[in-house]
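Peer 1: Fold the following for me, if possible:
(chains A and B)
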Amino acid sequence: MSILQTKNLTKHFGSRTAVNQLSLEISSGQVFGLLGPNGSGKTTTLAMILGVLQPSAGEFSWFGQQPSATSRQKIGAILEQPSFYPYLTAVENLKAVAQIKNCSDDRINIVLETVGLLPRKHDKFQTYSLGMKQRLAIASALLADPEVLILDEPTNGLDPAGIVEIREIIQKIADSGKTIVLASHLLSEVQKVCSHFGILKEGKLLHQGSIQQIEGEKITIEVGADDMTQLEEVLRNIKGVLAINRDGSFYRLEVEHEVSTSYIMQHLQEHHITPTHILRKQGNLEQEFLKILASHA
Amino acid sequence: MLNLIKLEWIKNKSNMTFWILLLIYIGATYVILSTGSILMNASYEFTSNQEIQDFPQITIYEFPGIWHNMSYIGSFVRLLLAVIIIFNISNEVTFRTLRQNIIDGLSPARFLVSKLILITALATIATIALFLISLYFGFQYSENQTELIFSKLSFVGAYFIEIFGYLCFAMAASFWIKKSVMSVMFVLAYSIIFEPFFGWVFLDGEGLLIQLLPINALDNLIQSPINLLNPEEVQTYISMTELNYAVAWILAFIGISYLLLTKRDW
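Peer 2: Below you'll find the model as predicted:
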């Protein structure tokens, strides 16, 4: 079932075109990553489909119907920074959201528990740290138990622990079968949680596909050692290694499907090399992303 | 509808600024309405110290004229009430909660209705405050305590419409300007300087066009209870014509707010 469909969606700001004829389709159950560099039109796109920016041209539909306030009640969304009434507590803020979404207050404690804010629920929003504000925003998006969740840079400005926490929450929600649209410029984040992705650049959709497609494409193994020259020599002579590329402190090997890390290790040990880093990756969104961006430069 | 009343209540009930501003407004209403007693005391002093006995008695708190006098004087402090609306709406813009409300599924039209609910509540509180304070001064000073007491209550009804309209004006200005301090400046400067100046300089101080100016249209609902030159011309009832102008502007302010809310990017 189609959840969201956009057709030639366009937004001009003066002479600048922020979103250019964007046509996109997101189906039920997908975890869709909207990728793109800063300023590529991700937030503008989301703001249009959420009713706060008027499209200059084009149209979109939610759940196969004309978009309306009622359809937005079935969507949980956060756009850019968390926006709440600073002088109200978390509970009071969520009560206001519940009135708008026309849902009961019963889930307030449940969603605050999900994001780990229960102990601070009676504190005013203005006393929260950035990470807590982000988590309250996610709680608010989850409040009405929506069919679709839209998250715009949900880990922006968080420390590493916070990023992991938020990612785990998103993963949990994704596993429950909900449709999620995740806008981000962090590729690893998208690759970790998304099933599908689209790439935006200067307001244009360059590519739309599934993560599996990329991951099925090719297998890479990253290997690093103290003596990189010796390492390269050895790697060149291993069967099944198709290409060797230097990437910072390690080599990225393109290998055949049967090649495993233990197979590589075996060879290295024969030459008395102890790897400092070894990792097998199936596909790499980052490389794919850069390739797609480069081909449209 | 009930949802929107609850929503507006949740938004304001824990906001200390809101309650403090409301108390200041009610206090200011009391102070401005009590100025009549100062005048009365002064004139009493004046007449008792001297031999003049035909000095006109100040009958500002006399029933039922009190309703006209008080509703005229009471509106001097209406800006303090407008500040509440201006802060409320510009906060929704600067905190981006208006944007989030729309994202969460509140249509701009319903958002507008929720603000009209707040305006209605504030105008009702202002009217009740005026009514009770006037009643207090009336029982205190009026010699006329007969059944005529409530005969000019239509002025209090007009007071409600005037305050409601002024708050709608402040709301439209806030949606337009977005920033609280700028909006307060605009509402203040427009209503006490620019519109009167425009009227006097460009429209020669009289005529239909002046009556049609928004603040004037609201002010004309309750005209000055004192006319020294022509005491006969003092307003005795609320005219339908003035009421129509005022209601037309109220609808215009609501319409402007609706257009700004729906056509703008938030």
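Peer 1: Which strands or helices does the helix or strand hosting residue B:216 pack on?
Peer 2: Using DSSP states H and E, residue B:216 falls within helix B:214-219. With contacts taken as 3 or more C-beta pairs under 8 Å, 6 or more residues apart in numbering or on different chains; DSSP states H and E, helix B:214-219 sits against helix B:154-177, helix B:195-202, helix B:240-263. Any C-beta I mention is one placed from the backbone N, CA and C, and that applies to glycine too.
Peer 1: Roughly how far does residue B:41 sit from chain A?
Peer 2: Using C-beta to the nearest C-beta, to the nearest Å, one gets 43 Å for the distance from residue B:41 to chain A.
Peer 1: Show the subsequent helix or strand relative to the biggest helix by length in chain A.
Peer 2: The helix that spans the most residues within chain A, counting by DSSP state H, is helix A:160-175. With elements assigned by DSSP H and E, the helix or strand that comes after helix A:160-175 is strand A:179-184.
Peer 1: tell me which strands and helices that following strand is in contact with?
Peer 2: By 3+ C-beta pairs under 8 Å, 6+ apart, strand A:179-184 packs against strand A:16-27, strand A:31-35, helix A:42-49, strand A:148-152, helix A:160-175, helix A:187-193.
Peer 1: what's the worst-scoring helix or strand of chain B on mean pLDDT packed up against?
Peer 2: Lowest by mean pLDDT, DSSP states H and E among the helices and strands of chain B is helix B:208-212, with a mean of 83. Under the contact criterion of 3+ C-beta pairs under 8 Å, 6+ apart, helix B:208-212 touches helix B:240-263.
Peer 1: There's contact between residue A:105 and residue A:95 in this structure, I believe.
Peer 2: Yes - at 5.9 Å, residue A:105 counts as touching residue A:95 under the criterion of C-beta atoms under 8 Å.
Peer 1: just the helices and strands packed on strand A:179-184: most buried one?
Peer 2: Mean neighbours per residue, mean count of other C-beta atoms under 10 Å in any protein chain shown, is largest over the helices and strands packed on strand A:179-184 for strand A:31-35, with a mean of 26.
Peer 1: Strand A:179-184 and that one, what's the angle between them?
Peer 2: Angle of strand A:31-35 versus strand A:179-184, following axes from the mean of the first three to the mean of the last three C-alpha atoms, to 10 degrees, is 20 degrees.
Peer 1: what's the domain layout of chain A?
Peer 2: As given by automatic domain parsing, the domain ranges for chain A are A:2-214, A:218-295.
Peer 1: follow-up on the earlier one: send the alpha carbons of the longest helix of chain A over as PDB?
Peer 2: Extracted C-alpha coordinates of helix A:160-175, given in PDB (Å, rounded to 0.1, in the frame of the first residue of the first chain):
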ATOM      1  CA  PRO A 160      27.900   9.500  20.500                       C
ATOM      2  CA  ALA A 161      26.000   7.700  23.300                       C
ATOM      3  CA  GLY A 162      22.900   9.700  22.500                       C
ATOM      4  CA  ILE A 163      23.200   8.800  18.800                       C
ATOM      5  CA  VAL A 164      23.300   5.100  19.600                       C
ATOM      6  CA  GLU A 165      20.400   5.500  22.000                       C
ATOM      7  CA  ILE A 166      18.200   7.200  19.300                       C
ATOM      8  CA  ARG A 167      19.300   4.700  16.700                       C
ATOM      9  CA  GLU A 168      18.200   1.800  19.000                       C
ATOM     10  CA  ILE A 169      14.800   3.500  19.500                       C
ATOM     11  CA  ILE A 170      14.400   3.900  15.700                       C
ATOM     12  CA  GLN A 171      15.400   0.300  15.100                       C
ATOM     13  CA  LYS A 172      12.900  -0.900  17.700                       C
ATOM     14  CA  ILE A 173      10.100   1.100  16.000                       C
ATOM     15  CA  ALA A 174      11.100  -0.100  12.600                       C
ATOM     16  CA  ASP A 175      11.000  -3.700  13.800                       C
END
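Peer 1: Quick one: find the helix or strand in chain A with the lowest mean pLDDT.
Peer 2: Ranked by mean pLDDT, DSSP H and E, the weakest helix or strand in chain A is helix A:211-217, scoring a mean of 71.
Peer 1: Flag every residue of the stretch 151-266 of chain B that's near chain A.
Peer 2: Residues of the stretch 151-266 of chain B lying near chain A by C-beta under 8 Å from any C-beta of the partner chain: B:263, B:265-266.
Peer 1: One more pass at 6 Å, please.
Peer 2: Listed as neighbours of chain A in the stretch 151-266 of chain B under the rule C-beta under 6 Å from any C-beta of the partner chain: B:265-266.
Peer 1: where does the residue nearest to the spatial centre of chain A land on pLDDT?
Peer 2: By C-alpha atoms, centre = their mean, the mean C-alpha position of chain A lies nearest to residue A:190, the distance being 3.6 Å. Residue A:190 is assigned 80 on the pLDDT scale.
Peer 1: Then residue A:120?
Peer 2: pLDDT for residue A:120: 94.
Peer 1: those strands in chain A, which residues are they?
Peer 2: A:2-13, A:16-27, A:31-35, A:57-62, A:75-78, A:148-152, A:179-184, A:196-201, A:204-210, A:219-225, A:241-247, A:250-255, A:275-282 (DSSP state E).
Peer 1: Could you point out which of those sits nearest residue B:158?
Peer 2: Checking the strands of chain A against residue B:158 by C-beta to C-beta gives strand A:75-78 as the closest, at 45.2 Å.
Peer 1: Run through chain B and note the low-pLDDT ranges.
Peer 2: B:43-58, B:205 (pLDDT under 70).
Peer 1: in terms of contact, does residue B:130 touch residue B:74 like I think?
Peer 2: Yes - with contact defined as C-beta atoms under 6 Å, residue B:130 reaches residue B:74; the gap is 4.7 Å.
Peer 1: what sits against the residue nearest to the centre of chain A?
Peer 2: Residues counted as contacts of residue A:190 (C-beta atoms under 6 Å, 6 or more residues apart in numbering or on different chains) are A:33, A:35, A:184, A:197.
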